[in-house]
Each structure stands twice: as structure tokens, then as C-alpha cells.
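Visitor: generate a structure from the sequence data that follows.
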Amino acid sequence: LSKAQDELKAERESRQKAEAEMGGELQAKEAQLEGSSQELEETRAQLASAEKFLQESRSNFDQSRVQLGQVKAAAERLKKDRDDLEALAGKHEERVAELQEEVKALE
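Guide: Below you'll find the model as predicted:
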């Protein structure tokens with residue numbers, strides 16, 4: 001009877017030790033899972049931040065492209081205005097030369 005009780009006690013202790021080890025492993029796994037969950041949340045936050053930055057960058061790029069188009073259009077208008085002024089200046093020079101010849105003819 002004493003031997004059976006000793007075996008039962010040893011078995012109980014063995015089971016308790018195994019349960020304690022399993023409990024420790026379970027706690028370790030839970031801690032690891034918690035750490036992984038936190039890392040996942042941080043990664044999600046970084047991804048959201050990166051997506052926001054990308055969206056702002058695209059918006060800025062689109063605005064820059066529109067502004068570039070406006071600058072190119074203004075440059076074309078300025079070039080046309082310069083060409084028109086040069087043509088007008090040429091006509092004025094011709095008219096001045098004609099008038100000078102008329103003045104000389106009248107003198």
C-alpha cells in the first residue's frame with residue numbers, strides 16, 4: 001500500500017511538474033504573441049504613415065505638373081509677345097527711316 005501511495009505521489013508530482021512546464025511554455029508563447037501583435041500594430045501604423053506620405057507626394061507631384069504646364073504656357077505667351085514686339089519695332093524702324101527720308105527731301 002505504501003509503495004502504491006509513493007507511486008501515486010510521484011505520478012502526481014510528475015504531472016504537476018509537467019503542467020507547470022506547459023504553463024510556463026504557454027506564458028512564453030502568449031508573451032511572444034503579444035510582442036508579435038505589438039510589432040504588427042507598429043508596422044500597420046508605419047504603413048498608414050507611408051501611404052499618407054505617398055498620397056501627399058502624388059498630390060504635390062500633380063500640383064507641380066499643373067504649375068509646370070502653366071509656366072510653359074506663360075513662356076510661350078512671352079515668346080509670342082517678344083516676337084510681336086520685335087516685328088512692331090521693325091515696322092517702326094522702317095517708318096522712322098521713311099520719315100527721315102521725307103524730312104531730308106523737304107529740307
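
Visitor: residue 99 and residue 106, how far apart?
Guide: As for residue 99, its distance to residue 106 is 10 Å (criterion: CB to CB, to the nearest Å). To be clear about C-beta, it is placed using only N, CA and C from the backbone, and glycine gets the same treatment.

Visitor: repeat that for residue 14.
Guide: Residue 14 is 135 Å from residue 106, by CB to CB.

Visitor: quick check: phi and psi at the residue nearest the centre of the chain.
Guide: For the chain, the residue nearest the mean C-alpha position is residue 54 (2.4 Å; CA atoms, centre = their mean). Here is the backbone geometry of residue 54 (degrees, to the nearest 10): phi -60, psi -40.

Visitor: looking at residue 14 and residue 106, which one has more neighbours?
Guide: Taking neighbours as other CB atoms under 10 Å, residue 14 and residue 106 compare with residue 14 leading, 10 against 6.

Visitor: next up, the contacts around the more buried one.
Guide: Not one residue lies near residue 14 by CB atoms under 8 Å, 6 or more residues apart in numbering.

Visitor: assign a three-state SS to it, would you?
Guide: helix (DSSP: H, G, I helix; E, B strand; the rest coil).

Visitor: what score does it have for pLDDT?
Guide: In this model, residue 14 is scored at 92, pLDDT.

Visitor: any idea how far it lies from residue 2?
Guide: 18 Å.

Visitor: same check on residue 94?
Guide: 136 Å.

Visitor: higher neighbour count, these two?
Guide: residue 94 (10 against 6).

Visitor: right, I'll call it a day here.
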